[in-house]
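K.L.:
give me the fold of what follows.
(one chain, ligands or ions: 1)
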Amino acid sequence: MSPKLDHIETWIFDLDLTLYGPEHNIMEQVRDRIALFVEDYFDIDSEAAHKIRHAYWKSYGTTLGGLMAEHGVDLHSYLDFVHDVDLSLLNPSDRLRAGIEALPGRKLIFTNADAPYAERVLAKRGLDGLFTGLFDIHQMEHRPKPKPESYDRFCGHFDINPATALFVEDSAHNLEPAKAIGMTTVWINHATDHESGGEAPHYVDHEITDVADWLHYIKEQEAA
Ligand SMILES: [Mg+2]
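P.N.:
Okay, here's the model as predicted:
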């Protein structure tokens, strides 16, 4: 991998499964809470609820998108419910913090979750106070990634020039619109990604397995 990142002025990070790994067992809990919400809402069994969860995620970007569009679900009660998870497996990472801190330029969070949950996750990871800004589902006006409108709103809000911005994500499909507007894209391949079968899609510039390792790698390259 050739870094060639001298031109990057804005460093953008997704939150879930980007600033912590699958080993922390957070997203499994969120997925189960989403299915439980769907189960209660429609009074159906768990298997049927997971099917709806997945179908809405596929066609609307988030399950919430489908629930709001088709059933007028109240987003605040939904978000509070699904993010009521146990974060005790999240631990601070000094190495990740040092890697992000050393980046030259602005650091931003771009997440389909909501800000209160994101702040809790950042605090548990020891990453609080590192980021200039956080753009959440409310600021996207509930048009989540990978909808192109969310990228336009995000770039407009922070006055981002995509040509000098880099975006780090674990969901490969969220990198496609980023690449289309000219961002440099970094995909964290957790090797659990069913959509691509493990192959990096064409809109991925850099494929990595761990953010902290990669940040330390590019810092060494720069020093060499
Ligand atoms: Mg993610």
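
K.L.:
what does the chain put close to the ion?
P.N.:
Counting by Cβ under 5 Å from the ion, the residues of the chain close to the ion are 14, 16-17, 170. For glycine as for every other residue, the C-beta is placed from the backbone atoms N, C-alpha and C.

K.L.:
outline the domain layout of this structure.
P.N.:
10-21+92-223, 26-82 (automatic domain parsing).

K.L.:
low pLDDT regions in the protein?
P.N.:
Residues of the chain that meet the criterion pLDDT under 70 lie in 1-3, 192-198.

K.L.:
switch to 80 and redo it
P.N.:
Within the chain, the stretches with pLDDT under 80 are 1-3, 61, 192-199, 222-224.

K.L.:
so the nearest residue to Thr184 once chain neighbours are set aside is in which element?
P.N.:
Spatial nearest neighbour of Thr184, excluding adjacent residues (Cβ to Cβ, 6 or more residues apart in numbering): Leu166 at 4.2 Å. Using DSSP states H and E, Leu166 maps to strand 165-169.

K.L.:
tell me the first helix or strand C-terminal of that strand.
P.N.:
Downstream of strand 165-169, the first helix or strand assigned by DSSP H and E is helix 176-180.

K.L.:
which elements pack onto that following helix?
P.N.:
helix 148-158 (3 or more Cβ pairs under 8 Å, 6 or more residues apart in numbering; DSSP states H and E).

K.L.:
still on that earlier bit, in a markdown table: the domains of the chain, plus mean neighbour count.
P.N.:
Below are these laid out as a markdown table (neighbours: other Cβ atoms under 10 Å):
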| stretch | mean neighbour count |
| --- | --- |
| domain 10-21+92-223 | 18 |
| domain 26-82 | 16 |
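
K.L.:
rebuild the ones you listed as CSV, extending it with distance to Lys4.
P.N.:
As requested, the domains of the chain are arranged in CSV below (distance: least, Cβ to Cβ, whole Å):
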stretch, distance to Lys4
domain 10-21+92-223, 9
domain 26-82, 31
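
K.L.:
just checking, what packs against the longest helix along the chain?
P.N.:
When the chain is parsed with DSSP state H, its longest helix is helix 26-42. Helix 26-42 is packed against helix 46-60, helix 63-71, helix 75-82, with contacts defined by 3+ Cβ pairs under 8 Å, 6+ apart.

K.L.:
hmm, who's touching it?
P.N.:
Under the contact criterion Cβ atoms under 8 Å, 6 or more residues apart in numbering, helix 26-42 has outside partners 16-17, 20, 44-46, 48-50, 52-53, 63, 67, 71, 73, 78, 81-87, 89-90, 121.

K.L.:
which SS class is the nearest residue to His206 once chain neighbours are set aside?
P.N.:
Distances taken as Cβ to Cβ, 6+ apart place Val186 nearest to His206, at 4.6 Å, with adjacent residues excluded. Three-state assignment for Val186 (DSSP: H, G, I helix; E, B strand; the rest coil): strand.
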